[in-house]
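J.: Fold the stuff below for me.
(chains A and B)
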2 protein chains.
Amino acid sequence: MARIVMKFGGTSMAGIERIRAVAARVKREVDAGHQVAVVVSAMAGETDRLVNFCREASSLYDPREYDVVVASGEQVTSGLLAIALQAIGVPARSWLGWQLPIETSAAHASARIETIAMDAALATGEVAVIPGFQGVSEGRVSTLGRGGSDTSAVAVAAAMKAERCDIYTDVDGVYTTDPRIVPRARKLKRVTYEEMLELASVGAKVLQTRSVGLAMKEGVRIRVLSSFVDGDDDTGTLIVSEEELGDMERQLITGIAHDKNEAKITLTDVPDRPGAVGSIFTPLAEAGINVDMIVQNIAHSRGSTDVTFTVPAADLARSLDVLTKAQDAIGYTGLVHDPRVAKITVVGVGMRSHAGVAATMFKTLGARGINIQAITTSEIKVSVLIDEDETELAVRVLHTAYGLDAEEAA
Amino acid sequence: MARIVMKFGGTSMAGIERIRAVAARVKREVDAGHQVAVVVSAMAGETDRLVNFCREASSLYDPREYDVVVASGEQVTSGLLAIALQAIGVPARSWLGWQLPIETSAAHASARIETIAMDAALATGEVAVIPGFQGVSEGRVSTLGRGGSDTSAVAVAAAMKAERCDIYTDVDGVYTTDPRIVPRARKLKRVTYEEMLELASVGAKVLQTRSVGLAMKEGVRIRVLSSFVDGDDDTGTLIVSEEELGDMERQLITGIAHDKNEAKITLTDVPDRPGAVGSIFTPLAEAGINVDMIVQNIAHSRGSTDVTFTVPAADLARSLDVLTKAQDAIGYTGLVHDPRVAKITVVGVGMRSHAGVAATMFKTLGARGINIQAITTSEIKVSVLIDEDETELAVRVLHTAYGLDAEEAA
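T.: From the prediction side, this is the model:
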């Protein structure tokens, strides 16, 4: 008997018919002799509805009351799934965040899970149905922030030392790249936490980044698979440690991600002196704006330099405001911005031991006349900033260049 | 400083604009120096939506999980009202059933409130916003049954020894009869608990019957008033004890109610012997069917009798089934039923000390050719069963006969 956590997202819980299908899937694992805990999202669209109520009620809502309102969506689906499971003969009960409890930090609306007590729920022998996204802090309802149900599932899996955390979603696994752009994209059988983190943070929307980080820290094996496709234990994509992946399966490049949600800002004629860069990024950090790629050109002969960086597109207006106010302190002369950029990232743990990954990237893009506006690298990824219009072209040529194309279209 | 409970129903909470209006009304009481607790219903239609989810998931749903699902509606409105109050500068917080706590019996889906702890909520000095309808039993969410928010409000008022429990609804008070039938119906300034109980149980849908019974037991003064009409402290209808009403205001007849939700059943040729009546009503009681009016005719010369009684119209089919199965045990020969009946009830504490109330009723109806099919009486009411088609006529002529008509149309 293995302990397994199954997590179902909003599209899987959208309506009673789908909840019944989820119950049938849970029953299969129970019938196979496993001890199962299920973590559920709210019905698709419900959390948006509740968030909008709060925003309408007050633009400056109390996050503690916001949590009371928005946590109700998962409360509903957890009760309904327990009913649907009982209806097909599977003993089950819901365990709300305050009932287990799932203790979190006091940062309402973006709380972090501190401890989860699973003993009482496991002792009953019933399937524990746990609303994702919610917890309790000092006796009050808390939530983890949008997409938090993945994190709830991984935390529950860690707390009950589950063999696996199965995340059922509307895609059937993690692909080498977006199959809508590259029909020959391949589904990955396994991917490492580190790779998944890089992929998730640059736009592969399969899993919430936080949940992958937590799984890596706690050693929880995640399997991503589709709610809507039946399959055996080999379906989907396993997210595991590098050790478990093994040398045999290690590939040079695992996947290619793209992200159109950044905007580029260039400050011209920034004084070329110590502290200049700090005077740019300190006020942005104080405004809570996350700067990503940074390029500083070689100093002009006149003792100044141009600095280019990216911010989330949603924060562009605020960034320009902050920088305009700080113009005197920074001492730049020109402020240029461009929201029409895309970040293309190639990811792979294999590149640690192989030179030439970045060179292949630059050469491939250059051959198609794609101009690289900025570059960042980490141990297992290389990202470049390009014109947004060239996103699909860049992804396709890189997918082929790194040998990722499947034999036949997926 | 008085302690006041304000309760708002589903139409008052339907959407953010209305919730804002509720907040403004609460602010007025706070500004007047009162300590206020607010009890809220779910948004109009929301509880139906949630109940339907449960029924769809399983016709035999677990009432404990049903409670988890349906309690969420009031959770949402309590959080939203707390936000709306804070937005206009009124310190407020929501207190869910498990947080106060509101301890109930373990009869999920129709629980009874046992204790409410208000000290912590009152100590904060903030407005306590309490979701109606819900409580907690042995650590699990419980609900009081449909319409339970009125009962929650009265129980909270009793627990905090409130001077008054103001029930805001979509009518502006309790009337002598349904103003849609009698335009000259008058709004009552005061009515006793006993009268309100009789009126509520026969179709005046202003308040849940249980809440009136609890208010009487706990001595909670209820005021019924409209959410949608502004008024001073004299608006609405006060529901008080007979002592508080005083002799001056005591009227012979307070109101006239009608109820079309009963069905009549007649068993013919029931043997006229001891135990015969028991053999009819015992199986109905065992089936949970509530028999109301009972008339047993004088025995036929042949040693048998006809027995007529009413049951809730919704239980008619089930009643006929039970009686058909019990035909041999009861020994009747004929089974006749008629769902097209109405019960007309005149209510008034004054009738205790006045003879002739029933006689006036029978004479008035007889003069218009309205046939009385059954009669029941209590100390403060007389009910008759008539043809459903004559409901409006009967209410109108009785309203006039008892001198209840207002000088001008309401």
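J.: going forward, measure contacts and count neighbours with C-alpha atoms only.
T.: Noted.
J.: Which parts of the stretch 251-400 of chain A are strands?
T.: A:255-259, A:262-271, A:294-296, A:304-312, A:334-338, A:341-347, A:374-378, A:381-387 (DSSP state E, counting those that start in this stretch).
J.: how about those, which one is nearest chain B?
T.: Chain B lies closest, by C-alpha to the nearest C-alpha, to one member of the strands of the stretch 251-400 of chain A: strand A:304-312, at 29.4 Å.
J.: Mean pLDDT, distance to chain B and mean neighbour count for the strands of the stretch 251-400 of chain A - can I get that in JSON lines?
T.: Below are the strands of the stretch 251-400 of chain A laid out as JSON lines (pLDDT from 0 to 100; distance: least, C-alpha to the nearest C-alpha, whole Å; neighbours: other C-alpha atoms under 10 Å in any protein chain shown):
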{"stretch": "strand A:255-259", "mean pLDDT": "92", "distance to chain B": "35", "mean neighbour count": "25"}
{"stretch": "strand A:262-271", "mean pLDDT": "92", "distance to chain B": "33", "mean neighbour count": "21"}
{"stretch": "strand A:294-296", "mean pLDDT": "85", "distance to chain B": "41", "mean neighbour count": "16"}
{"stretch": "strand A:304-312", "mean pLDDT": "91", "distance to chain B": "29", "mean neighbour count": "20"}
{"stretch": "strand A:334-338", "mean pLDDT": "95", "distance to chain B": "37", "mean neighbour count": "14"}
{"stretch": "strand A:341-347", "mean pLDDT": "94", "distance to chain B": "39", "mean neighbour count": "26"}
{"stretch": "strand A:374-378", "mean pLDDT": "88", "distance to chain B": "43", "mean neighbour count": "15"}
{"stretch": "strand A:381-387", "mean pLDDT": "93", "distance to chain B": "42", "mean neighbour count": "22"}
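J.: In the stretch 151-300 of chain A, what residue lies closest to chain B?
T.: For the stretch 151-300 of chain A, C-alpha to the nearest C-alpha, closest residue to chain B: residue A:227, 18.5 Å.
J.: Quick one: residues contacting that residue.
T.: A:8, A:12, A:22, A:168, A:169, A:170, A:172 (C-alpha atoms under 8 Å, 6 or more residues apart in numbering or on different chains).
J.: Which pLDDT value belongs to it?
T.: Residue A:227 carries a pLDDT value of 82.
J.: Ramachandran coordinates for it?
T.: phi -70, psi -20 (degrees, to the nearest 10).
J.: Any stretches of the stretch 1-150 of chain A with poor pLDDT?
T.: Of all residues in the stretch 1-150 of chain A, none has pLDDT under 70.
J.: Quick check: residues of it near chain B?
T.: A:16, A:20, A:53-54, A:56-58, A:60-62, A:65-66, A:68-70, A:72-73, A:75-80, A:82-84, A:86-87, A:93-94, A:99, A:139-140 (C-alpha under 8 Å from any C-alpha of the partner chain).
J.: Of those residues, which count as buried by neighbour count?
T.: A:16, A:20, A:53-54, A:56-58, A:61-62, A:65-66, A:68-70, A:72-73, A:75-80, A:82-84, A:86-87, A:93-94, A:99, A:140 (16 or more other C-alpha atoms under 10 Å in any protein chain shown).
J.: mind listing which of those residues are in helices?
T.: Within these, residues falling in helices by DSSP state H are A:16, A:20, A:53-54, A:56-57, A:65-66, A:68-70, A:72-73, A:75-80, A:82-84, A:86-87.
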